[in-house]
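Peer 1: Make a model of this:
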Amino acid sequence: MKKRSVGGHIIHINSILGHMVLPIATQNVYPATKYGVTALTETLRHELRLAGTKIKVTSINPGLV
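Peer 2: Numbers count the residues shown, from 1 in each chain. Modelled structure (predicted):
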């Protein structure tokens, strides 16, 4: 999209655990990976905005299911 100078939308499927950590002893790595997806989403959003593209970045964060 960036190379072609066209708009678009990038969607990351994340989790609510990418924004908070629950006190569950067996869930030590999962929240860390979801925090990484959150950081990836935000840094990509900033990079594309500063480059002047029309590409949007969204993170979908469902709760516990």
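
Peer 1: Now do P23 against L40, distance only.
Peer 2: Distance, P23 to L40, using Cβ to Cβ, to the nearest Å: 25 Å. Using the backbone N, CA and C atoms, a C-beta is placed for each residue, glycine as well.

Peer 1: Neighbour count: those two, which is higher?
Peer 2: Applying other Cβ atoms under 10 Å to P23 and L40 shows that L40 carries more neighbours, namely 15 against 5.

Peer 1: Give the helix, strand or coil label for that one.
Peer 2: Look at L40: counting by DSSP: H, G, I helix; E, B strand; the rest coil, its state is helix.

Peer 1: Tell me where this protein has helices.
Peer 2: Secondary structure of the chain (DSSP state H): helices at 30-50.

Peer 1: middle-most residue in it, spatially?
Peer 2: Centroid-nearest residue in the chain, with Cα atoms, centre = their mean: T41, separated by 3.3 Å.

Peer 1: which non-adjacent residue is nearest V37?
Peer 2: For V37, ignoring the flanking residues on the chain, the nearest one in space by Cβ to Cβ, 6 or more residues apart in numbering is N14 at 4.6 Å.

Peer 1: Around the one you found, how many other residues sit close by?
Peer 2: A total of 21 residues lie near N14 under the criterion other Cβ under 10 Å.

Peer 1: The one 5 residues further on too?
Peer 2: By the criterion of other Cβ under 10 Å, H19 has 13 neighbours.

Peer 1: coming back round to it: would you confirm that the residue nearest to the centre of the chain contacts H12?
Peer 2: Yes: counting by Cβ atoms under 8 Å, T41 touches H12, with 5.1 Å between them.

Peer 1: any shared contact partners between those two?
Peer 2: Residues touching both T41 and H12 (Cβ atoms under 8 Å, 6 or more residues apart in numbering): 57-59.
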